[in-house]
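Asker: Quick check, what structure comes out for this input:
(chains A and B)
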Amino acid sequence: NAGVTQTPKFRVLKTGQSMTLLCAQDMNHEYMYWYRQDPGLGLRLIHYSVGEGTTAKGEVPDGYNVSRLKKQNFLLGLESAAPSQTSVYFCALRTAAGANVLTFGAGSRLTVL
Amino acid sequence: AQKVTQAQTEISVVEKEDVTLDCVYETRDTTYYLFWYKQPPSGELVFLIRRNSFDEQNEISGRYSWNFQKSTSSFNFTITASQVVDSAVYFCALSDFPGSARQLTFGSGTQLTVLP
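Answerer: From the prediction side, this is the model:
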């Protein structure tokens, strides 16, 4: 997946627990995104970043925090997980400047009990 | 606000049949991009095509073809002589032009099953 690595691939949490998903790229792309995929809803943007040290809210940011301290890494955090956050999470890079083409990671399946 | 509608939730065809996946979009932007992505059972998302709003020519790539009609705000995807390997969820998406930080807006996807 063009150098986009998501960890972990699977995780089960209990309600109220916290965790962090990591998206790492081995290239030098500025724009990184976190989406969640839910049945019947397609993919919805949670947060995105246009460069190191910057983040912005997407369509469904509540309950999540993000950080981009290093250009290569974009972290998605759940401070207090809720069952509604059970989903598949995808990280994406914009790899073609000006073209809005996104390259996605393999996904991380999160279950909150 | 941008919106993408894929009214077909699931489609099932027999191998070698042709199948069309519908996509209707809404946007206030005069210039924009449209996309199709494929998600096979393995789960990854694969980019198929990008079309900008200036170009209404239909595009063909092997068994795949795309029909963009601005007048009806549609960007439909046709697979000719479908194969079992075409079984996947297909997403249509929209973003503004030419390349701001704006994200893609995805439709809800169409699950295509091609039966042998």
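Asker: From now on I want contacts and neighbour counts done on CA atoms only, so please keep to that.
Answerer: Will do.
Asker: ok, and the nearest residue to A:L76 once chain neighbours are set aside, which helix or strand is that part of?
Answerer: Counting by C-alpha to C-alpha, 6 or more residues apart in numbering or on different chains, A:L76 lies nearest to A:V66, which is 4.6 Å off, once chain neighbours are set aside. In this assignment (DSSP states H and E), A:V66 forms part of strand A:64-67.
Asker: Sheet partners, orientation included, of the helix or strand following that strand?
Answerer: Moving toward the C-terminus from strand A:64-67, the next helix or strand (DSSP H and E) is strand A:73-78. Here strand A:73-78 is paired, per DSSP bridges, with strand A:19-25 (antiparallel), strand A:64-67 (antiparallel).
Asker: avg pLDDT for strand A:73-78?
Answerer: For strand A:73-78, mean pLDDT rounds to 97.
Asker: quick one: it to chain centroid distance?
Answerer: Strand A:73-78 has its average C-alpha position 6 Å from the chain's average C-alpha position, going by C-alpha atoms, centre = their mean, to the nearest Å.
Asker: Who are the packing partners of the helix or strand just after that strand?
Answerer: Where DSSP H and E defines the elements, the next helix or strand beyond strand A:73-78 is strand A:87-96. On a contact count with 3 or more C-alpha pairs under 8 Å, 6 or more residues apart in numbering or on different chains; DSSP states H and E, strand A:87-96 meets strand A:4-7, strand A:32-38, strand A:101-104, strand A:108-112.
Asker: Just the strands from chain B, written as ranges.
Answerer: Here chain B has its strands, by DSSP state E, at B:3-5, B:10-14, B:19-21, B:24-26, B:32-39, B:46-52, B:59-61, B:64-69, B:74-79, B:88-96, B:105-106, B:110-115.
Asker: rewinding a little: I'd like to know which of the strands paired with strand A:73-78 is closest to B:F47.
Answerer: strand A:19-25 (17.9 Å; C-alpha to C-alpha).
Asker: mind listing what's buried in the closest one?
Answerer: Buried residues in strand A:19-25, counted by 16 or more other C-alpha atoms under 10 Å in any protein chain shown: A:21-25.
Asker: Looking at those residues, which is nearest chain B?
Answerer: Distance to chain B across these (C-alpha to the nearest C-alpha) is lowest for A:C23, with 14.8 Å.
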